[in-house]
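Colleague: Please work out how this folds:
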Amino acid sequence: MALREAYVLAIGMFATFALAQVIVLWNGLEILCGCFGASESLQVGWVTLLSAAAAGFASALGLVLTVLRQRKQTTPLLGDSRR
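Modeller: Numbers count the residues shown, from 1 in each chain. Okay, the predicted model is just below:
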């Protein structure tokens, strides 16, 4: 299963998305963001930046939990002679 790779890809995409929004905010540009659907008329700002950051954080949390679960499944128990 490529779950870890999917989380890493999602983190990269959300980080790029957030970085682009930081650049827009830094330069003082006023850009309408269709990022969350065509019906939304949000302007790139703190709300859209926090949404991207929260999604990236959720992806990072998913990656950490996936790695911990996989390590738990492959770690032999103490006293277990099977390898």
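
Colleague: so what's the residue nearest to residue 52 when sequence neighbours are not counted up against?
Modeller: Take residue 52 and drop its neighbours on the chain: the residue closest to it by CB to CB, 6 or more residues apart in numbering is residue 18, 4.1 Å away. Quick note: C-beta positions are derived from backbone N, CA and C, even for glycine. Residues in contact with residue 18 (CB atoms under 8 Å, 6 or more residues apart in numbering) are 49, 52-53, 56.

Colleague: ok, and the closest non-adjacent residue to residue 67?
Modeller: Nearest one to residue 67, counting by CB to CB, 6+ apart, is residue 4 at 6.6 Å.

Colleague: Run a quick neighbour tally on residue 17.
Modeller: Around residue 17 there are 18 other residues, counting by other CB atoms under 10 Å.

Colleague: Same question for residue 21.
Modeller: Taking other CB under 10 Å as the criterion, the count of residues near residue 21 is 22.

Colleague: returning to that earlier point: correct me if wrong, but the residue nearest to residue 67 is in a strand.
Modeller: No - counting by DSSP: H, G, I helix; E, B strand; the rest coil, residue 4 is not found in a strand; it is helix.

Colleague: Skipping adjacent residues, who's closest to the most centrally placed residue in the chain in space?
Modeller: Nearest to the geometric centre of the chain sits residue 56, at 2.3 Å (CA atoms, centre = their mean). Distances taken as CB to CB, 6+ apart place residue 14 nearest to residue 56, at 3.4 Å, with adjacent residues excluded.
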